[in-house]
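Engineer: this is the structure alone, sequence omitted:
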């Protein structure tokens, strides 16, 4: 094509170095009231302006007296003292009168009569007296440069008679989201429209790092408008982030505009997600052009802007924390690209396992779920399953020991379970595949439990379950029954009444993949009715879950498919019931006493959880929590 | 005495339990915009309101085409496609036109002429196409209850078409500082006056825990005023904290007022610091009365109010983190009281050592410096030196491996050093004692280095240094020379001219303790001049450092003492020079290659550091950084 479609492909390190060289970064400071300085970093040390206590003060409620007057006082030889002359009542913090040199605590003083007390032990000079400067001495260093100001620091500074401190100025980041396809949150997207949320993610990263943010309006993909906006904000800003338009598409203008107004230092870095990043400057202001994909946008901002923002705040970038874990899935990667794979950490069989999450640059959920990042080097084509990897922890990490991994058939009740477990401190990592995949994973020891819909409604076992667990080493717990049937176009315009209608000529069916319960159901029914599946238009077209199946029907891509009532309702589609289907959890005996599994079982058996499931259309909890104890082998 | 001076003495657990039983704590929730919800906790789960992508979208910049049209395309057998009919230009995120089912990336497309492109490889159906729901499916659980909302969460929620979320309401704490002796920060305290900063500490603890704060004005110790203030704020508040007046002193009204307006549940807990705490309620509002001592106030608030605030926010109190460490000092404690000792963690000789800090309840600096708390059980009279202890980490912890422990003679240059080292990531824990104590500690392996002023100005060794390190296993590094002399009352009203005047009759001298350089100087000079020390009034009175010595003189408690010029200046006192004195650092060879010591040596040798020292009156850096390599034994 005629446009410039090739970007640089430099390494992260080279890109950082080049950008750094092109920039002149200077941290600035400001004086503020210590009471407004929570979380800020000191740019100058703080010294005490006064000593505290600044006078000899009573450390107790009691009486001020002279130590010499108490010599020889015991229980058997008490000493009487006269108020005003030999003692004076004193409260904690009161200045010690000049004529006295010690304090006796009130609990040890016996009032004999008005103005006369008796004491039964002696005190030493200075006893229960706080000496001048006990807490702070004038001129003393209170806080060093670089201190991040916390609650106790504020107290200490105020105690030292100081109210104003010099802190690093918070760098201001201007964020400009661009794209004609973008709409503000709160509006309903039409096909081709996307809700703009990247700027909110970037904004909150900046706030987390201690910066300030100016979030600018969405600017459409119009060269002049974007240029004008960039020009307008650059002068007031410490760093400008332009979201989307950083690549070399027909409407990607950022690089050209930055080059015109200043300098593009790097355009394109050899990383995934998110190669097409722009690092540049306009005048002295660093400018970063971020890809529009949310994961790419966030990771690039983290890689390149975070160090600059920390420098602007007078700080070095905080070290990232790493843990070692065993990779539970082979990762194939492209040579020449450093890939950052989001991963969840799970404690499985006394090992910390890294479970790779969605690798697509468009799935921000992978960053939400992730505990950390696994890096695949640009010099490697991937990492083998079972390898030890370093996982760079992200802020929102949970504890591996609190995560339960479930694989298998997906169901709405699993979402309810996940939410309930979260309240008990257990993080349920769901990996929706299908029943057979769930059992395979479980039998390999790669998950804690499986969700399946392979059993008959009367609890009879399918061969498949038996194949994976030939011995009595698992328990099967019923989660719920759900209504399965045919999901059909809203209003059922083609008047479908049941399976037999699927062979009707103008009707397009959409199938589920092999191994799923829905596929077994349809194949079973077709066999019973003696219907040749090749006669069904669309039988070969499969979807990976009932939600994408329902979406296809809702968008007119098909007329009918097998799914659940609740999914049909979510998408406002019609539904023809076929049967009630069991959803079960398969739990190996070895995990039965695991505290996480115990919590899970407690939740499943709770009336609270059952009540929530019963709110789902077509669900039945009559057997929920029931354990099939006879094991899969007993037939 | 006639007033009630006896408090309860219940355990922490019993106090918590009693208070909990007396309270009815209910977390409330509110709906807010997710964009305002950073850091808040979800009270209800969030589900996607729409699927994203909501349409089949191009994942690349390129051309949309039909996979079937590309079959057989290779480098040797390229396929030509016609624009509009067989392909269409498409950008990332654009909806895929209905007639096409795949996208080829732009880099692989060769433009032959206007409207005609050539491709050299085939694509599969769906290639480079983001399918509906790839990122999120309608109805899917996005975030579970209890999620603390972070940057990526906000992105995900917005992507799911949701803008409003239900979060727990932030509990509001009303803080009432009481005390007639209190003054606002920014004012100069007169004797008997104290700057009020407890409320700032409590406020910032609440903010750290996610609450909101109403900070009320200082209320003097007047029964009616305090009562009125408490009544006034209780109704609007989720928790009221009344600072000071919680004990049983003459002007401690809190307990009586709370009892009148509601119920005092606990008055007095068997802990140190801070036994006299009040736990009560007025109506449904929890009320806590805190002791006025800053450490006691903060620790009590943490022990008792934090769990309540977390409950009010719908959360369980976060687990405290503990590390094991070796106690480096014997701690003696009172039986029947649980004591919380602030401690600094230091890595010393490959062990993590807990160094107890000031135990006084009045020294807030101990909380600033502390990495954590060592608990001494109420059933124990203390903990032996060398015992393994659990240290409960505080928020502001530093890393043990980054802390250098110095013990010995105090000097202003150590503050400068500490501040400079902080900028290099090294935390200098100074333990000002005196030169001999510094050497003792160092010789026992209980610190990394010592500061001494035991050498003659020409570098000759005193016997004392030699006694501690008989072999060549330490290096001595000069820190600076400082001007030492007689500190005298401002204006020198008694016309003191030198040591010989100390025997003058109406003159009061103040001494330093044995082992200090200043004491050695005076004793040395007295011997030279043949002056009998018993003739000097005040010779037996000693101060532990030159700052308390200067304070005593400034407050008229003495006329003269031995100290440094810079201290005299800090306290606006007059000064009579006696000699220039070396301040040296003694560093064992085993630590010479330690990275922290290397940083320290680098700082000492820097012109920057020397320039800062030279700003101190009477300091000389001509030898700063010079290493005496001949070792202490070679005479």
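Structural biologist: Noted; the coordinates are in hand. If you're wondering where the values come from, they're calculated on a predicted model, not measured in any experiment.
Engineer: what stretches of the stretch 401-550 of chain A score poorly on pLDDT?
Structural biologist: Scanning the stretch 401-550 of chain A for pLDDT under 70 picks out A:457-462, A:470-472.
Engineer: which residues of it lie near chain B?
Structural biologist: A:412, A:415, A:418-419, A:421-423, A:425, A:545, A:547-548 (CB under 8 Å from any CB of the partner chain). Placement of C-beta: from N, CA and C, glycine included.
Engineer: from the residues you listed, which is closest to residue A:587?
Structural biologist: Residue A:587 has its nearest neighbour among those in residue A:421, at 14.0 Å by CB to CB.
Engineer: now do the end-to-end distance for stretch A:134-143.
Structural biologist: 17 Å (CA to CA, to the nearest Å).
Engineer: ok, residues contacting that stretch?
Structural biologist: A:42, A:45-53, A:149, A:153, A:156-157, A:159-160, A:162, A:165, B:360, B:362-365, B:368, B:412, B:415, B:418-419, B:545, B:547-548, B:551, B:567, B:570-571 (CB atoms under 8 Å, 6 or more residues apart in numbering or on different chains).
Engineer: what about 6 Å?
Structural biologist: A:42, A:45-48, A:50-52, A:153, A:156-157, A:159-160, B:362-363, B:415, B:547, B:570 (CB atoms under 6 Å, 6 or more residues apart in numbering or on different chains).
Engineer: okay, and which of these map to helices?
Structural biologist: Judged by DSSP state H, the contacts of stretch A:134-143 include A:153, A:156-157, A:159, B:415, B:547, B:570 as members of helices.
Engineer: which one of these is nearest residue A:465?
Structural biologist: Residue A:465 lies nearest to residue A:153 out of the ones in helices among the contacts of stretch A:134-143, by CB to CB, at 60.5 Å.
Engineer: what's the pLDDT at the closest one?
Structural biologist: Note for residue A:153: predicted pLDDT of 95.
Engineer: tell me who's in contact with it.
Structural biologist: Residues near residue A:153 by CB under 6 Å, 6+ apart: A:143, B:368.
Engineer: go on, residue A:354?
Structural biologist: Residue A:354 touches A:325, A:327, A:343, A:374, A:389, A:391, counting by CB under 6 Å, 6+ apart.
Engineer: identify the farthest-apart pair in those.
Structural biologist: Across the contacts of residue A:354 (CB to CB), the longest gap, 9.3 Å, separates A:327 and A:391.
Engineer: with neighbour numbers in mind, choose between those two.
Structural biologist: With neighbours defined as other CB atoms under 10 Å in any protein chain shown, residue A:327 and residue A:391 compare such that residue A:391 has more, 26 against 22.
Engineer: distance check, residue A:237 against chain B.
Structural biologist: 20 Å (CB to the nearest CB, to the nearest Å).
Engineer: that residue contacts residue A:174, correct?
Structural biologist: Yes. Taking contacts as CB atoms under 6 Å, residue A:237 lies within contact range of residue A:174: 4.1 Å.
Engineer: show me the domain layout of chain A.
Structural biologist: A:12-26+A:171-312, A:29-53+A:134-168, A:57-130, A:322-397, A:404-635 (automatic domain parsing).
Engineer: give me the distance from the fourth one to the chain's centre.
Structural biologist: The chain centroid and the centroid of domain A:322-397 are separated by 15 Å under CA atoms, centre = their mean, to the nearest Å.
Engineer: what's the closest of the ones in helices among the contacts of stretch A:134-143 to residue A:582?
Structural biologist: Using CB to CB, the ones in helices among the contacts of stretch A:134-143 come closest to residue A:582 at residue A:153, 59.3 Å.
Engineer: how long is stretch A:128-139 from one end to the other?
Structural biologist: Stretch A:128-139 end-to-end distance (CA to CA) = 26 Å.
Engineer: please disregard the earlier target; I meant stretch A:152-170.
Structural biologist: Start-to-end, stretch A:152-170 (CA to CA) is 22 Å.
Engineer: buried stuff in that stretch?
Structural biologist: A:152-163, A:165-170 (16 or more other CB atoms under 10 Å in any protein chain shown).
Engineer: can you check stretch A:233-252 too?
Structural biologist: For stretch A:233-252, a neighbour-count test (16+ other CB under 10 Å) marks A:233-234, A:237-249, A:251-252 as buried.
Engineer: so what's residue A:341 bridging to?
Structural biologist: Beta bridges link residue A:341 to residue A:374, judged by DSSP bridges.
Engineer: likewise for residue A:271?
Structural biologist: Going by DSSP bridges, residue A:271 forms beta bridges with residue A:338.
Engineer: do residue A:345 as well
Structural biologist: Bridge pairing for residue A:345 (DSSP bridges) gives the partners residue A:354.
Engineer: mind checking how far it is from residue A:130?
Structural biologist: Separation of residue A:345 from residue A:130 (CB to CB, to the nearest Å): 50 Å.
Engineer: got it, and residue A:151?
Structural biologist: With CB to CB as the criterion, residue A:151 and residue A:130 are 23 Å apart.
Engineer: what helix or strand is the spatially most distant residue from the centre of chain A on?
Structural biologist: Distance from the C-alpha centroid of chain A peaks at residue A:77, with 69.8 Å (CA atoms, centre = their mean). Per DSSP states H and E: residue A:77 is located in neither a helix nor a strand.
Engineer: report pLDDT for it.
Structural biologist: On the pLDDT scale, residue A:77 gets 92.
Engineer: distance between the helix or strand of chain A with the lowest mean pLDDT and the chain's centre?
Structural biologist: In chain A, no helix or strand scores lower on mean pLDDT, DSSP states H and E than helix A:463-468, which sits at a mean of 76. Its chain's average C-alpha position is 37 Å from that of helix A:463-468, according to CA atoms, centre = their mean.
Engineer: tell me who's in contact with whichever residue of the stretch 251-400 of chain A sits closest to chain B.
Structural biologist: Residue of the stretch 251-400 of chain A nearest chain B, by CB to the nearest CB: residue A:367 (4.2 Å). By CB under 6 Å, 6+ apart, the contact list for residue A:367 reads A:295, A:342, B:152.
Engineer: next one: residue A:291
Structural biologist: Listed by CB under 6 Å, 6+ apart, the contact set of residue A:291 reads A:246, A:274, A:276, A:297.
Engineer: same question for residue A:288.
Structural biologist: A:241, A:305.
Engineer: ok, 10 Å please
Structural biologist: A:19, A:173, A:202, A:239-243, A:246, A:254, A:258, A:266, A:277-281, A:297, A:300-301, A:304-305, A:308 (CB atoms under 10 Å, 6 or more residues apart in numbering or on different chains).
Engineer: please apply the same query to residue A:56.
Structural biologist: Here residue A:56 is in contact with A:64, A:95-98, A:100-101, A:103, A:126, A:129-132, A:134, B:191, B:555, B:557 (criterion: CB under 10 Å, 6+ apart).
Engineer: and for residue A:110?
Structural biologist: Shown in contact with residue A:110 (CB under 10 Å, 6+ apart): A:78, A:80, A:116-120, B:1.
Engineer: tell me the SS of it?
Structural biologist: strand (DSSP: H, G, I helix; E, B strand; the rest coil).
Engineer: quickly list what residue A:10 is bridged to.
Structural biologist: Here residue A:10, judged by DSSP bridges, has bridge partners residue A:269.
Engineer: any idea how far it lies from residue B:101?
Structural biologist: 35 Å.
Engineer: do residue A:624 as well
Structural biologist: 42 Å.
Engineer: next to chain B in this structure, residues from the stretch 251-400 of chain A, please.
Structural biologist: A:251-252, A:276, A:291-295, A:297-298, A:301-302, A:314, A:316, A:319, A:342, A:358, A:360-370, A:394-396 (CB under 10 Å from any CB of the partner chain).
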